[in-house]
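> give me a model of this one.
(one chain, ligands or ions: 1)
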Amino acid sequence: MDAKIVVNNIQKQFKDLPVVGGVSLEVKDGEFVAIVGPSGCGKSTLMKIIAGFEPPSEGEVRIDGAVRHGPSPKGIAISQHGSVFPWLTVQQNLMFGLTGDGHGDKAALADHYAEMVGLKGFENSYPHELSGGMLKRVEIARALVVKPEILYMDEPFSALDALMNLKMRNELLRILGEERHTVLLITHDVEEALFMADRVLVLSPRPTRIQAVFEVPHPHPRKLSNPELQQMKEQILQELGVTV
Ligand SMILES: Nc1ncnc2c1ncn2[C@@H]1O[C@H](COP(=O)(O)OP(=O)(O)OP(=O)(O)O)[C@@H](O)[C@H]1O
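Residues are numbered from 1 along each chain as shown. Purely as a prediction, here's the structure:
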């Protein structure tokens, strides 16, 4: 099958600062690819380019074979900064992206996704009435409700505490088990990458390139105590220059 996303020799320079030094990558339909890399290496820049929010200096991105010059309607991004509208209720936030007539009963659909992420009973609450973890779930539900073919996630759980972070990983995997999406995840957390992804890419320092690739063929649910995953974690940390 053809790749869903093809990244062809992407390079990016901000004035005279080279940030992305030539990245090529193929992501299969339904694949979950995690990207880890040293701080400031250019992860977010690369993700913005792949998602179509930032033009590359060189190279091209294809979605389903077509070269993109901006965000694709097939994809949706979830960032670490959060983007729920504070003046709308949970249900209204979820209905916001449901434009056009193809969505049937929008309120019912919004409520279904609110329930899916564990927010049943909070449909009429406003963001300021929710905890940080609940807000993150609103954001994930808001992305999923439009049924994107591709999810671009840049450190989506990094603002959450450790316990909520673990819960959200499980929640997302459960949803992905029910609904197929192609996922690109940027994380600084090697365990998060190994827990969730089919493949982990390790980026080099800036100007960033793909330095190493790790396939993670283990079925879900995974146990991070699995010796093979532990070994892979050590290898990835070594690639990142962290001695263990
Ligand atoms: N719009 C911009 N204009 C100029 N420089 C930029 C711009 N965006 C990013 N940079 C620079 O590009 C480099 C990489 O930034 P980027 O945010 O992509 O890295 P990152 O790996 O995601 O960082 P972190 O690990 O801290 O999240 C940094 O040196 C940053 O200052």
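> and this protein, what are its domain boundaries?
Domain ranges of the chain: 1-74+150-244, 81-147, per automatic domain parsing.
> how about the contacts made by the residue sitting nearest the centre point of the chain?
Centroid-nearest residue in the chain, with Cα atoms, centre = their mean: residue 153, separated by 2.1 Å. Neighbouring residues of residue 153 by Cβ atoms under 8 Å, 6 or more residues apart in numbering: 77-79, 183-186. (Each C-beta comes from the backbone N, C-alpha and C, glycine too.)
> in strands only, show me those residues.
Taking DSSP state E, the ones among the contacts of residue 153 that sit in strands are 77-78, 183-186.
> between these, which sits nearest residue 47?
residue 186 (5.4 Å; Cβ to Cβ).
> just the pLDDT at residue 47, thanks.
On pLDDT, residue 47 comes in at 96.
> which neighbouring elements make contact with the host helix or strand of it?
Element membership for residue 47, per DSSP states H and E: helix 43-51. With contacts taken as 3 or more Cβ pairs under 8 Å, 6 or more residues apart in numbering; DSSP states H and E, helix 43-51 sits against strand 5-14, strand 17-27, strand 32-36, strand 75-78, strand 150-154, strand 182-186.
> tell me which of those sits nearest to residue 92.
If we rank the helices and strands packed on helix 43-51 by Cβ to Cβ, the stretch that ends up nearest is strand 75-78, at 17.7 Å.
> sort out which residues of the lengthiest helix in the chain are buried, please.
Assignment by DSSP state H gives helix 162-178 as the longest helix of the chain. By neighbour count on 16 or more other Cβ atoms under 10 Å, the buried set for helix 162-178 is 164-165, 167-169, 171-172, 175-176.
> count the residues that sit near the closest residue in space to residue 197 that isn't next to it in sequence.
Nearest residue to residue 197, sequence neighbours excluded (Cβ to Cβ, 6 or more residues apart in numbering): residue 34, at 3.6 Å. Using other Cβ atoms under 10 Å, residue 34 has 25 other residues around it.
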